[in-house]
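Participant: Sequence first, predicted coordinates after that:
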Amino acid sequence: MSVLLEFAMFPTSDDCREGSSVSKQVSKIIDAIDKSGVSYQLTPMGTVVETNTMKEALAVVELAYEQLSDCERVYSSLKFDIRKNTNNRLKTKIASVEKALNRKVNH
């Protein structure tokens, strides 16, 4: 099974921000995900991770929150795409779209 989780998490309280920037706090989350060994892809609007189970995906969310647990208020949004009998969709979904684009360009 492949669980793709796209999520964003950042502090909204002044106690954990430097002006309007949250990059310092977000970098703590990305560092923790990187060290966990979970496959991920950072995007300008969030992070996508791929796990084998929903439990593992939710553990990533918990890990991310632990990095901000000293903040008074934290915002997060989550989206899931769960598919059985497949894996490595962080790469294969993109490759599929690129393949379709190449067919259009070459025709």
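Facilitator: Alright, I've got the coordinates.

Participant: low-scoring stretches of this structure, by residue?
Facilitator: Using pLDDT under 70 as the threshold, the predicted model of the chain has low-confidence ranges 105-107.

Participant: again, only using 80
Facilitator: 103-107 (pLDDT under 80).

Participant: Tell me which stretches of it form helices.
Facilitator: Assignment of helices within the chain using DSSP state H yields the ranges 23-36, 54-66, 89-106.

Participant: List the buried residues of the longest one.
Facilitator: Buried residues in helix 89-106, defined by neighbour count with 16 or more other Cβ atoms under 10 Å: 89, 93. (C-beta placed from N, C-alpha, C; glycine too.)

Participant: helices or strands up against that helix?
Facilitator: Packed against helix 89-106 by the contact rule (3 or more Cβ pairs under 8 Å, 6 or more residues apart in numbering; DSSP states H and E) you find strand 2-11, strand 39-43, strand 46-51.

Participant: Can I get those in CSV including distance to residue 93 and mean neighbour count?
Facilitator: Written out in CSV, the entries for the helices and strands packed on helix 89-106 read as follows (distance: least, Cβ to Cβ, whole Å; neighbours: other Cβ atoms under 10 Å):
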stretch, distance to residue 93, mean neighbour count
strand 2-11, 8, 19
strand 39-43, 11, 14
strand 46-51, 10, 20
